[in-house]
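Enquirer: just need the structure, nothing else, for what follows:
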Amino acid sequence: MSGRTGTTGRTLAALERAFLALDRGMGGANPPLAPQVFAARHPAACATAAALLVAIPVGLASATFRTILVGTCAWVLFWAVLRLERRRQAHYARIGYDTAPHGSWSTARPRAVLTTVLVAWGPVTVFIWLVGRTQDDPYGWTASAVFGVLAIAGGYVGDRLKARRRTRDRTAADQDAG
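Expert: Residues are numbered from 1 along each chain as shown. Below is the predicted model:
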């Protein structure tokens, strides 16, 4: 019986080494972005929010049982992925990589910022359109796209204001200490 456990343990260790090698090759050892750190620290809450985003459109189109089933399966999947992300970040912290979140858009290249905004804009637009379907006078695709841009821009401005406030607080703390 112990021989079988040893084989399983070696297999899992080999899979972990292969995953980490692939992860490092794809840039996984780079410091995580702030949303990655937040999601890894709060896997259940983030999985709940993501599962709701999956289950709501299904609920609008099908029966209650199917909605509950899809939502539950989506929650388990998202939670498992976020737990793996938490373990991955803990591994890199243990071996000494810098895992402090680096997520400020102000230091990114314009192409990276534009790509990030465009990737976020699609799902936000679809989400606003789906929420609008629940109203008597729903939004069209054009209005949903405009509101999506406003939501993304608002998030960007909020991120910039937060970063500026953090810098101002650090400067004030340094002046008080010095």
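
Enquirer: hey, let's count contacts and neighbours off CA atoms from now on
Expert: Noted.

Enquirer: the chain: helices as residue ranges?
Expert: Ranges of helices within the chain are 2-25, 34-41, 43-61, 64-94, 110-132, 141-177, based on DSSP state H.

Enquirer: any chance of the ones you listed in JSON lines, plus mean neighbour count and mean pLDDT?
Expert: Shown next, in JSON lines, are the helices of the chain (neighbours: other CA atoms under 10 Å; pLDDT from 0 to 100):
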{"stretch": "helix 2-25", "mean neighbour count": "12", "mean pLDDT": "75"}
{"stretch": "helix 34-41", "mean neighbour count": "17", "mean pLDDT": "82"}
{"stretch": "helix 43-61", "mean neighbour count": "17", "mean pLDDT": "84"}
{"stretch": "helix 64-94", "mean neighbour count": "17", "mean pLDDT": "87"}
{"stretch": "helix 110-132", "mean neighbour count": "15", "mean pLDDT": "76"}
{"stretch": "helix 141-177", "mean neighbour count": "14", "mean pLDDT": "81"}
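
Enquirer: dihedrals phi and psi, Leu33?
Expert: In terms of degrees, to the nearest 10, the main-chain angles of Leu33 are phi -70, psi 160.

Enquirer: so what's the residue count around it?
Expert: 14 (other CA atoms under 10 Å).

Enquirer: for His42, same thing?
Expert: His42: 15 neighbours (other CA under 10 Å).

Enquirer: state the distance from it to Leu118.
Expert: 26 Å (CA to CA, to the nearest Å).

Enquirer: Thr72 contacts Ala51, correct?
Expert: Yes. In this structure, Thr72 is within contact of Ala51 by CA atoms under 8 Å, at 7.3 Å.

Enquirer: what about Leu130, distance to Val54?
Expert: 11 Å.

Enquirer: to clarify, my last question referred to Thr7.
Expert: In this view, Thr7 and Val54 are 39 Å apart by CA to CA.

Enquirer: do Arg94 as well
Expert: 34 Å.

Enquirer: go on, Val76?
Expert: Applying CA to CA to Val76 and Val54 gives a distance of 12 Å.

Enquirer: and Gly140, by the same measure?
Expert: Counting by CA to CA - Gly140 and Val54 are separated by 21 Å.

Enquirer: likewise Glu16?
Expert: Spatial separation of Glu16 from Val54 under the definition CA to CA is 30 Å.

Enquirer: check Arg164 too.
Expert: 34 Å.

Enquirer: check Val81 too.
Expert: Using CA to CA, Val81 is found at 15 Å from Val54.

Enquirer: repeat that for Leu69.
Expert: Distance from Leu69 to Val54, by CA to CA: 11 Å.

Enquirer: what of Glu85?
Expert: For Glu85 relative to Val54 (CA to CA), the value is 20 Å.

Enquirer: over to Thr11?
Expert: 34 Å.
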